Structure formats: structure tokens, C-alpha cells
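Engineer: Take a look and give me a structure for this.
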Amino acid sequence: MSINCICLIATFSLFFFTNGEMVKMKIVDQISSYGYSNFASDSSSKLEAKVKPSNFSGPEHLKALVGKCYTLKLNDYKYKLCPFDNVTQHEQTYRWNPYSGILGVWKEWKIINNTFYAMMMANGDSCGTTDRQVEVIFSCGTANNLTSVTEPQTCHYRMTFETPLVCHEDAMLVYPRMDEVLRSEWDEMERQLHDEEITDNGYKLYLQNVFWKAGFVKDPPNFYEEDTFHGYDSLEMCNKEYQKLLEEVKRLREKSAT
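Structural biologist: Numbering: from 1, shown residues only. Coordinates of the predicted model:
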């Protein structure tokens with residue numbers, strides 16, 4: 001168990017007499033931060049992440065952000081965003097044991113409507129039964145700045161990062177950043193969806209699979225996850241299963257009638 005200590009720095013002296021002897025006593029007016037490195041300096045170098053950051057992915061022009069960090073002081077906290085690396089938080093107070101830790105490590109992209117919408121920083125420090133995580137939303141701005149931090153859900157943070165790198169209308173489109181093979185797969189899924197050969201859910205899962213192949217997301221989709229897809233990846237399969245159910249219902253009704 002570590003205990004932080006607050007020491008005092010002398011600025012001038014006072015003399016007084018006790019038992020006939022002159023005693024020199026130091027007078028202080030400034031508090032030192034000995035044992036209080038969370039406040040005195042940025043201790044991010046001492047923090048240890050649970051996982052390594054993922055490799056770079058996404059629009060090539062965002063590589064200009066690699067190796068750079070951006071800070072925002074908000075109330076009693078200092079936030080540091082290092083794109084494609086991690087996010088840290090340092091409490092700037094003199095209370096005992098202020099929090100200084102990792103909120104998230106670069107994992108993957110959150111893609112919405114063919115757009116790289118946000119960087120997902122996951123696997124941060126433990127927070128109860130879960131881990132801290134951050135969603136970093138990109139916004140057009142005249143300079144690279146971390147502009148806002150909120151906590152819409154306990155230990156789940158949302159940041160806004162402004163940069164001129166995303167101001168062009170096509171700057172964050174996903175389709176142009178994939179190779180020809182994956183673009184062809186996407187085109188074929190669009191055709192199948194249009195011709196009603198696959199369902200909307202099937203299309204979403206196949207598209208997520210393409211993003212996974214491209215390296216934009218790290219976890220492959222679960223095509224048989226009951227809560228999201230019910231096991232059917234096409235209308236044809238769904239219709240076959242439906243016909244089986246109709247036949248089973250018919251059989252049971254005939255059996256009960258006899």
C-alpha cells in the first residue's frame with residue numbers, strides 16, 4: 001500500500017526562545033508535491049496498458065496524427081489523446097490518491113453509413129466489472145484540437161477531436177479505402193440486397209465481415225448470434241425454415257385431430 005506524503009518548502013525563518021535557548025523554526029507558504037507525481041507532472045510514462053494498440057488503419061492522410069498527442073484540461077482533470085495509441089486521464093487535485101490512468105487503447109473504427117465515424121479506444125483501466133473505453137469522434141476544425149470530453153455512461157467516455165484533415169467531404173469515406181477485391185464483395189452485397197436475396201441483417205453482417213477483412217474492425221461478426229441474426233443469412237434460408245415450421249404445425253394439428 002503506497003501513501004502519498006505532502007511536504008512543506010521553507011521560504012523564510014523565525015527565531016524564538018525556549019528554556020533559555022534560541023530555536024530557529026522554518027515558516028512555509030508553499031506545498032510541495034513530493035510523493036504526489038500525479039499532480040506535479042504527467043505520469044503517463046509510468047502507466048501500463050493491458051494491451052498493445054492495434055496497427056494503423058483507415059484513411060492514409062490520418063497518419064499525420066501518429067506519434068502526436070493532444071491535451072484538454074477540464075475542471076480537475078487533464079485528458080491526453082494520442083490518436084492510434086491511447087487516451088489517459090490525470091486528476092489535477094491535491095486530494096489523497098488522485099486517479100491517473102488509461103481510459104482506452106486504440107482498437108478499431110466505428111463505421112456508420114460508409115463513414116469512419118469514430119476511433120474506438122478500448123481495454124482501459126478496470127472500472128468495476130468492466131473496462132474503461134473511449135469513443136473519439138472526428139469533426140472538421142481549423143486546427144488539431146481535443147475540444148470536449150463527456151461521460152454519457154459510467155467509465156464510457158466520448159471525446160470530440162477537431163482537425164482540418166477531415167474537412168473534405170470524402171475524407172472519411174470507407175469504400176475508397178478498401179482494395180478492389182473487397183469493393184467487389186461490397187458491390188455484390190448491394191446487388192443481393194437490392195434483389196432481396198439477403199435480408200437487411202444479413203447485409204449488415206456481411207458488410208461487417210468486409211470491414212474485418214480490411215482491418216478496420218478487430219472482431220469478426222458472429223453470423224449465428226441469435227440476438228442479432230436468428231441464424232438466417234438469406235431470405236431463401238429463412239423461407240425454407242418457415243416452410244419446415246408450417247409442415248410441423250400441420251403435422252401436429254392432424255395428430256391432435258385423431
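Engineer: For stretch 68-86, report the contacting residues that lie outside it.
Structural biologist: Stretch 68-86 is contacted by residues 42, 44, 49, 53-54, 56, 62, 65-66, 87-93, 102-106, 119, 121, 136, 144-149, 159, 161 when judged by C-beta atoms under 8 Å, 6 or more residues apart in numbering. For the C-beta atoms, the positions are set from N, CA and C on the backbone; glycine is no exception.
Engineer: make it 7 Å
Structural biologist: 44, 49, 53, 56, 65-66, 87-93, 102, 104-106, 119, 121, 136, 144-146, 149, 159, 161 (C-beta atoms under 7 Å, 6 or more residues apart in numbering).
Engineer: Kindly report the same for stretch 100-111.
Structural biologist: 38, 43, 47, 49, 51, 53-54, 57-58, 84-91, 116-125, 132-135, 157, 174, 211, 216-218.
Engineer: what do you get for stretch 181-188?
Structural biologist: Residues from elsewhere that reach stretch 181-188 (C-beta under 7 Å, 6+ apart): 175, 207, 210, 213-214.
Engineer: check contacts around Trp212.
Structural biologist: 220-221.
Engineer: Wait, a helix at it?
Structural biologist: Yes: the assignment for Trp212 by DSSP: H, G, I helix; E, B strand; the rest coil puts it in a helix.
Engineer: just checking, Ile137 touches Tyr157?
Structural biologist: No: if you go by C-beta atoms under 7 Å, Ile137 and Tyr157 don't touch, sitting 11.1 Å apart.
Engineer: Tell me which of those two has more neighbours.
Structural biologist: Tyr157 (22 against 14; other C-beta atoms under 10 Å).
Engineer: Quick one: classify the more buried one as helix, strand or coil.
Structural biologist: Three-state call for Tyr157 (three-state DSSP): strand.
Engineer: now it: how far from Gln92?
Structural biologist: According to C-beta to C-beta, to the nearest Å, Tyr157 and Gln92 sit 17 Å apart.
Engineer: Then Gln208?
Structural biologist: Counting by C-beta to C-beta - Gln208 and Gln92 are separated by 40 Å.
Engineer: Neighbour count: those two, which is higher?
Structural biologist: Legend: neighbour count by other C-beta under 10 Å for Gln208 and Gln92, higher for Gln208 (18 against 14).
Engineer: how near is that one to Asn222?
Structural biologist: Taken as C-beta to C-beta, the span from Gln208 to Asn222 is 10 Å.
Engineer: And for Gln153?
Structural biologist: Distance from Gln153 to Asn222, by C-beta to C-beta: 23 Å.
Engineer: can you pull out the strands in the stretch 101-250 of the chain?
Structural biologist: Counting by DSSP state E, counting those that start in this stretch, the stretch 101-250 of the chain has strands at residues 115-122, 126-127, 130-131, 133-140, 145-153, 156-163.
Engineer: so which of these comes closest to Ile198?
Structural biologist: When those are compared for distance to Ile198 using C-beta to C-beta, the nearest one is strand 115-122, at 22.2 Å.
Engineer: Look up the residues forming beta bridges with the nearest residue to Thr154 once chain neighbours are set aside.
Structural biologist: Counting by C-beta to C-beta, 6 or more residues apart in numbering, Thr154 lies nearest to Cys127, which is 7.1 Å off, once chain neighbours are set aside. Beta-bridge pairing for Cys127 (DSSP bridges): Thr130.
Engineer: Number of residues surrounding Cys127?
Structural biologist: For Cys127, using other C-beta under 10 Å, the count is 14.
Engineer: from what I can see it touches Cys155, true?
Structural biologist: Yes: with contact defined as C-beta under 7 Å, Cys127 counts as touching Cys155 (3.6 Å).
Engineer: hey, where'd the helices end up in the stretch 1-150 of the chain?
Structural biologist: Using DSSP state H, counting those that start in this stretch, the helices of the stretch 1-150 of the chain run over residues 37-40.
Engineer: Low-confidence ranges, it, go.
Structural biologist: Residues of the stretch 1-150 of the chain meeting the criterion pLDDT under 70: 1-46.
Engineer: Noted, bye for now.
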